[in-house]
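>>> predicted model and sequence below, questions to follow.
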Amino acid sequence: MEIDKKIIKKLIETLEELKSSLGKNVETFELSENKQNNENQELEKYKPIKSPIIGTAYLAPEPGAKPFVEVGKKIKKGDTVMIVEAMKTMNHVPSTLSGTVKKISVEDGQPVEYDQVLILVE
């Protein structure tokens, strides 16, 4: 039985490519795991305001207008923090607590899910 050297060489090259791609995936997994740990620490440190519905988040009442909230701004319970559009209806999202805005977790025009963290408050 004779073994073709070209086939062996191609097999070795393919295994090397696989090995290098797995290394990148492991690194990507570690980075995403670290990001998740940082987000969990923020959730423990600050209180979240979550989306009450699925839709598209808007940070201002209309394009070009001043945003409802900004990082560092003090808000009161009941203040509108953003709008979530669902089925052509603009739903004002009220703050569920009072405090200082520490992080806005969504961008203007971004789709949001039910119970997704929108804002972190201290």
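Okay, I see it.
>>> going forward, measure contacts between C-alpha atoms and count neighbours the same way
OK.
>>> state the mean pLDDT of stretch 6-14.
The average pLDDT for stretch 6-14 rounds to 84.
>>> scratch that, stretch 96-103
Average pLDDT, stretch 96-103: 92.
>>> tell me which helix or strand in this protein has the weakest average pLDDT.
When each helix and strand of the chain is scored by mean pLDDT, DSSP states H and E, helix 5-45 comes last, with a mean of 70.
>>> need the next SSE after it, C-terminal direction.
Towards the C-terminus, the helix or strand next in line after helix 5-45, according to DSSP states H and E, is strand 47-50.
>>> helices and strands around that next one, which ones?
Using 3 or more C-alpha pairs under 8 Å, 6 or more residues apart in numbering; DSSP states H and E as the contact definition, the elements that strand 47-50 packs against are strand 117-121.
>>> just give me how far the strand it packs on sits from the chain centre.
Shown here is strand 117-121, whose average C-alpha point lies 11 Å from the average C-alpha point of the whole chain (C-alpha atoms, centre = their mean, to the nearest Å).
>>> where do the domain boundaries of the protein fall?
Per automatic domain parsing, the structural domains of the chain span 1-45, 47-121.
>>> end to end, how far does the longest one reach?
In terms of C-alpha to C-alpha, to the nearest Å, the two terminal residues of domain 47-121 are separated by 5 Å.
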